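> make a model of this:
(chains A, B, C and D)
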There are 2 protein chains.
Amino acid sequence: MNETQDRDALRRNGPVTRPLVNMVRRPSTVDLIAVELRNAIYGGTLLPGSSVREAEVASQLGVSRGPLRESAQRLVQEGLLVARPGAGLRVVTVGVDQVAELYAARLAIEGAAVRHLAGLEPADRERHVGTVRDLFSALEAALADGSDARRIGDADLDLHFGLVEATGNLRMTAMASTLIVQTRLAALSHRDGYVVRTDILDVHRTLMGQISDGEGLAAERTLAEHFQQTVDRLLGRLEEPFSTVTGEADGSHFSFNRLP
Amino acid sequence: MNETQDRDALRRNGPVTRPLVNMVRRPSTVDLIAVELRNAIYGGTLLPGSSVREAEVASQLGVSRGPLRESAQRLVQEGLLVARPGAGLRVVTVGVDQVAELYAARLAIEGAAVRHLAGLEPADRERHVGTVRDLFSALEAALADGSDARRIGDADLDLHFGLVEATGNLRMTAMASTLIVQTRLAALSHRDGYVVRTDILDVHRTLMGQISDGEGLAAERTLAEHFQQTVDRLLGRLEEPFSTVTGEADGSHFSFNRLP
DNA sequence: GACCTGAAGAATGTCGACAATATAACGATT
DNA sequence: AATCGTTATATTGTCGACATTCTTCAGGTC
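So this is what the prediction gives:
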């Protein structure tokens, strides 16, 4: 697997524009720990505002404090943890004053994603959007099952993440991943965080339809209005009408280990 | 500075909606090292593809390997460094196959930024855009001075970063910061990376004017076309006409230590 | 009773050392 | 001549220990 062999392969097979196999990338310990931490935050095991004692968490993960601290810095960079000098790590709390900013960032990423998807050639579009359609069905099923708000929220976030992931843009996917976890943190940071709008299905059905029809700007506008209403609701400016279904945290996992 | 005092101050002064002073946040060592590393990459001291030997860099910074490794993980999360298990850290190379993705991400962030700025009330807008106007003047001056391509590129990136920073959205600012450094890495990753279009001033003058006129969508379209032409040029699809001014790296600093 | 001051405790920040691994150089082999 | 296997070197990955800092709690004071 050295350059000499590469040159030889080049001679035998001619120039390759696309690598034959994905380069094997054994995940480092830091990768694995970071995934665990993200899952713990997303899953509600590490609640917003709670302190993360290094020795305790490290022993639970079966590693030393060193690798744990290195992984923690990744989440600090993501805005999922904060590290005060001398006071250690805490899970961030996404206050109401942060909600507008958070959703503005999400709109930037996800709006660009839906426009990109809608702008694809119909054939390409269907291939990319296929997975997203499954995620929409999952949301549909969660709502039909009368699942608790937590599962519905999961399906919703899965769908929004899937929209960005469908573009194939790893940078935007990584950014979306961070923002999605922060959205979950915002929900966990407030009582009544898991209030689900009854028209959530309609909104997303409209969105999917606009993407399929190639109406990118309309799709983005749908997203913008949806986010605006969500922000208004979270800020308490809006009164009614909502179906308030609150739910408890379970141990569901969500893998965000897709990085560029 | 404890909660009891806070309550007392609340009684004396009444409820405060906005904190009187910014909470003092002494930067941690990891923060400082991360800034140094980013500056070294942005400034060309750490070139794309070069390996970052921990002991060497740590001793140069006057710290131990521990804090350096923690800081490095932040840059890994940003996509500025890669860490292969056992092989240590390397500065990423932004290949031509990454350029389209990178600029798509930049368009998502910066496009949303210019639309946001253009959508502000004229009074607010002028207050926010003021700094950006200075950055545009700096770009103007750099071009007038016949500065080398590197300085012009600096001014260009400063301006683009300033557009996002002007929104006041710390999350989007952090993401823009990462993408700007990656853009610099893309330039450093290729020969002829510092080729500057002659019409760069016109494009940005148009952009600034559209923002000032509240024409957000037009401004975003200007940005999109500008990025598209840049990508086409970097991919070698476009032949002419360009003024090719190449420059050398100097020790200029760029502070990206603005995080949420 | 509330507030300030100080000390005890616990957690973090940093460092050095050791083991594990990847890289490079060298020689042997087809 | 090129490739494979082996060895030596250097670097990384991990851990434990110590100094430092923050937090907490008790005591004293206004």
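
> when you work out contacts or count neighbours from here on, use the C-alpha atoms and nothing else.
Noted.

> OK, contacts around the residue of chain A found nearest chain B?
When distances are taken as C-alpha to the nearest C-alpha, chain A reaches nearest to chain B at A:Glu70, 4.5 Å away. Applying C-alpha atoms under 8 Å, 6 or more residues apart in numbering or on different chains to A:Glu70 gives the contacts A:Val30, B:Arg69, B:Glu70, B:Ser71, B:Gln73.

> count the neighbours of the closest residue to A:Glu126 other than its chain neighbours for me.
Nearest residue to A:Glu126, sequence neighbours excluded (C-alpha to C-alpha, 6 or more residues apart in numbering or on different chains): A:Ser212, at 7.7 Å. Neighbour count of A:Ser212, defined by other C-alpha atoms under 10 Å in any protein chain shown: 20.

> next one: A:Ala144
Neighbourhood size, A:Ala144 [other C-alpha under 10 Å]: 10.

> please report the distance of it from A:Ala138.
Distance, A:Ala144 to A:Ala138, using C-alpha to C-alpha, to the nearest Å: 10 Å.

> from B:Asn39, how far out is the residue of chain A closest to chain B?
With C-alpha to C-alpha as the criterion, A:Glu70 and B:Asn39 are 21 Å apart.

> dihedrals phi and psi, whichever residue of the stretch 1-150 of chain A sits closest to DNA strand D?
As assessed by C-alpha to the nearest atom of the strand, DNA strand D sits closest to A:Ser64 within the stretch 1-150 of chain A, at 3.3 Å. Backbone torsions for A:Ser64, taken as degrees, to the nearest 10, come to phi -90, psi 180.

> test my guess that the residue nearest to A:Glu126 contacts A:Ala118.
Yes. A:Ser212 is within contact range of A:Ala118, at 6.4 Å (criterion: C-alpha atoms under 8 Å).

> spell out which residues are contacts of both of those two.
A:Arg125.

> and chain A, which of its residues are near chain B?
A:25-28, A:66, A:69-71, A:73-74, A:76-79, A:84-85, A:101-102, A:105, A:108-109, A:111-112, A:169-172, A:175, A:260 (C-alpha under 8 Å from any C-alpha of the partner chain).

> and for A:Gly43, the neighbour number?
Using other C-alpha under 10 Å, A:Gly43 is surrounded by 22 other residues.

> actually A:Val96, not the one I typed
16.

> list the contacts of it.
A:Ala186, A:Leu234, A:Leu235.

> repeat for A:Leu89
So A:Leu89 contacts A:Ser51, A:Val52, A:Arg53, A:Glu54, A:Leu81, A:Val82, A:Ala83 (C-alpha under 8 Å, 6+ apart).

> show the buried residues in those residues.
A:Ser51, A:Val52, A:Glu54, A:Leu81, A:Val82, A:Ala83 (16 or more other C-alpha atoms under 10 Å in any protein chain shown).

> what sits opposite A:Leu89 in the beta ladder?
Counting by DSSP bridges, A:Leu89 is bridged to A:Val52, A:Ala83.

> so how far is DNA strand C from it?
According to C-alpha to the nearest atom of the strand, to the nearest Å, A:Leu89 stands 6 Å off from DNA strand C.

> what do you get for A:Val63?
The value you get for A:Val63 to DNA strand C, if C-alpha to the nearest atom of the strand is used, is 13 Å.

> let's verify that residue: helix, strand, or coil?
coil (DSSP: H, G, I helix; E, B strand; the rest coil).

> can you report phi and psi for it?
phi -130, psi 180.

> quick check, pLDDT for it.
Note for A:Val63: predicted pLDDT of 96.

> next: the one 5 residues further on.
pLDDT for A:Leu68: 97.

> quick check, it in contact with A:Val30.
Yes. Under the criterion of C-alpha under 8 Å, A:Leu68 makes contact with A:Val30 at 7.2 Å.

> between the two, which one's more packed in?
A:Leu68 (23 against 20).

> return the residues in contact with the more buried one.
A:Val30, A:Ile33, A:Glu54, A:Ala58.
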